[in-house]
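Peer 1: Here's my sequence, what's the structure:
(one chain, ligands or ions: 1)
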Amino acid sequence: MALPPGPPQPRLVQVARWVVRPTEFMESCFRRYGDIVTLRFPDVDAVAISDPEAVKQVFTGDPEVLRAGESNAFLEPVVGARSVLLLDGPRHIRERRLLLPPFHGERMQRYGELIAEIAERDIDGWPIDRPFAIRPRTQAITLEVIMRTVFGIEDVERLSELRAKLAELTDISGSRVRWVGLLLPALQRSFGTSRSPWSQFVAARAEVDALLYDEIARRRTDPRLAEREDILSLLLQARDEEGEPMSDAELRDELVTLLVAGHETTATALAWAFELLLRNPSTLAQLESELAEGGEEYLDAVIKETLRLRPVLPIVGRLLKEPFELRGYELPAGAMVAPCIYLTHRNPLIYPEPERFMPERFLDTQPDTYAWLPFGGGIRRCIGASFALFEMKVVIPAVLRRLRLRPVGDHPEPMRRRAITFVPARDALVVAERRAADLDAEFPQAPGAATAVV
Ligand code: HEM
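Peer 2: Predicted structure coming up:
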C-alpha cells in the first residue's frame, strides 16, 4: 500500500482546515485515523505521524531521501538561498558544522548576565495594574537578546536603527494576510508601485541587509575579534573542512536565519509558559517556592512541560526523494512525511492525561528523544535549542521575582496560528502587580544562574 488513509475531503477543504483550525483538524484526524494519517493538500500529500517509533525512523533516516531544506523553500525571500534552513545534502552538513559550535549548551552560560540585564530592563517598563499582552514584550526581549548575543551589536544608535528595521521586516512577514501574499510567487512582484506588500518587503529587507553587511565588515576588521563572545564573531573565525571561511553573503543569510528561527519562537514559548503557569496557580506557587530556595529543577520541568503542551511549531516536514517504507506503507517519492509534534505530545499512551499541565512528568526523567520533539530531530534538530532553553530559564525567574501576574479572563487562551507558529489567542493577556521590595528577598540568587537544561 502506498499512502495511509486520511480524510476524504477535497484538497482545498483540507488546506483550509489546516490553515484556519489546525489543532482541531489534527486532533480529529488522530481520533479517526490514529497515529499515521495522510493529509491531502493542493501541492503535496503529507503523511503526519505521531508514534515515536515512526518518528525515530524518520529522524534517523537517510537525509538524501528525507529532505527538509526543500520543504522550507517558502522562507527563501526572507532568509536567503544560503540559509541552513533551506539547504540539503553535503551543503547542509557543511553549514551546520560551521553553525553548531557557537550554540553549544555550555557556552550559553556566558550570555546569562546579559540576557538577565536585557530582560530586567524590559520588565521594569511593563504596565502595572492594567491588562497587557505578554507576547509582544517577550518578543522585544528575545529580539534584543539576538541583536546583542548573536549579532554582537553594542552601539546604542546602531541597535535602535536595526531594531526599527527588523520590526518592519518581521511585521510585514508576520501578519497572516501579508505572509500568505508574500509566499505566493505570483504576488512576489511590485505591480509598479512601491506600496505593494512585495515592494515594501523588498525595501525593508534591503535596509536590514545594508545594516548587517556593514556590521559584518566592521567586525572583520575589529582588533578585538578573537576575544569577542558573540556568535557573529565566532562565525567569522569559523572554517569549514577545506579551511574556507563563510562569505559575507552566507553570514548575512545565517544571521537572518538565526533571527527568524530564534526570536519569535522563544518569545512565544515564554508567553505560553506564563499563560500556563497563571492558569495553574499551585504549579506557579511550587515554582516560586523552588526559586526562592535557589533550585532550578522544577523550572526545568516547567519549561519542558510548556513545550510539550504548547509546542510553538506543530509539525516538521521531510520531502521524499525516493520511496520510503514506514509502518508497512511504501510512501512514494514526492510525498512528505511529517513528524507531528503537536499530536506526539498529546499521545495518551506516552503522556497520561495529555491535556493537563503537569511539570512533574519531567521531574527526575529525561524526555524521550522521539516522544518530546519541540525542537524537531535528527540532523535537522534545532540549532538554538540550548540557547532557547537557557534564555527561558533566565527570563521566567526575572519576571517572577519582580512581578505578581494574574491572567485576564476565566478561560485558558486557545492556540492561534501566526504565520507558521502557534501563539496564545490573546498573546497571553495579564495584569501585573509589582512585588513589594522586601519580597525581592524571596529570590536571592541571580536568575538563571546555574546550568542550561540540555
Ligand atoms: C523555543 C524556541 C524554539 C523552538 C520551539 C524551535 C524549534 C525548531 C524546530 C521544530 C526546528 C526544525 C527541526 C526539524 O526540522 O527537525 C528548528 C530548526 C532550527 N532552529 Fe529552532 N527553535 C527555537 C529556537 C531557536 C533559536 C533560539 C535559534 C537560534 C538563535 C534557532 C535556530 C534554528 C535553526 C538554525 C534551525 C535549522 C536547523 C537545520 O535545518 O539544520 N531556533 N527549530
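Peer 1: Settle this for me: Q57 is touching L331, isn't it.
Peer 2: No. Distance between Q57 and L331: 11.0 Å, which falls outside the contact criterion (CB atoms under 8 Å). Any C-beta I mention is one placed from the backbone N, CA and C, and that applies to glycine too.
Peer 1: more neighbours, these two?
Peer 2: Taking other CB atoms under 10 Å, Q57 and L331 do not tie; L331 has more neighbours (23 against 19).
Peer 1: in the sheet, who's paired with that one?
Peer 2: Beta-bridge pairing for L331 (DSSP bridges): F324.
Peer 1: residue closest to the middle of the protein?
Peer 2: Residue closest to the mean C-alpha point of the chain, counted by CA atoms, centre = their mean, is T265 at 2.9 Å.
Peer 1: Would you mind identifying the next helix or strand past the helix or strand hosting that one?
Peer 2: In this structure, T265 sits in helix 248-279 according to DSSP states H and E. Scanning forward in sequence from helix 248-279 by DSSP H and E, the next helix or strand is helix 281-292.
Peer 1: and the direction of that following helix versus that of helix 248-279, what angle?
Peer 2: 120 degrees (axes from the mean of the first three to the mean of the last three CA atoms, to 10 degrees).
Peer 1: gap between the helix or strand harbouring P136 and the chain center?
Peer 2: Taking DSSP H and E as the criterion, P136 maps to helix 134-145. Chain-centre distance of helix 134-145: 13 Å, with CA atoms, centre = their mean, to the nearest Å.
Peer 1: Looking at P52 now. What's its pLDDT?
Peer 2: Note for P52: predicted pLDDT of 96.
Peer 1: correct me, but it touches Y351?
Peer 2: No. Using CB under 8 Å, P52 is not in contact with Y351; the gap is 11.2 Å.
Peer 1: do the helix holding P136 and the ligand meet at all?
Peer 2: No. If you take CB under 6 Å from any ligand atom as the test, helix 134-145 misses the ligand, and the best it gets is 7.6 Å.
Peer 1: And the residue nearest to P131 when sequence neighbours are not counted, how far from I134?
Peer 2: Leaving out its chain neighbours, the residue that sits closest to P131 by CB to CB, 6 or more residues apart in numbering is V408, at 4.9 Å. Taking CB to CB, to the nearest Å as the measure, V408 falls 11 Å from I134.
Peer 1: for I396, same thing?
Peer 2: Distance of I396 to I134, given as CB to CB: 11 Å.
Peer 1: which residues are common contacts for the two?
Peer 2: 270, 274 (CB atoms under 8 Å, 6 or more residues apart in numbering).
Peer 1: follow-up on the earlier one: need the three-state assignment for the closest residue to the residue nearest to the centre of the chain other than its chain neighbours.
Peer 2: Residue nearest to T265 in three dimensions, not counting chain neighbours: V312, with 5.0 Å by CB to CB, 6+ apart. Using DSSP: H, G, I helix; E, B strand; the rest coil, the structure places V312 in coil.
Peer 1: returning to what we had before: mind listing the shared neighbours of V408 and I134?
Peer 2: Joint contacts of V408 and I134 (CB under 8 Å, 6+ apart) are 429-430.
Peer 1: And L363, its phi and psi?
Peer 2: Main-chain dihedrals, L363, degrees, to the nearest 10: phi -80, psi 130.
Peer 1: so what's it closest to, chain neighbours aside?
Peer 2: Nearest non-adjacent residue to L363, counting by CB to CB, 6+ apart: A301, 5.1 Å away.
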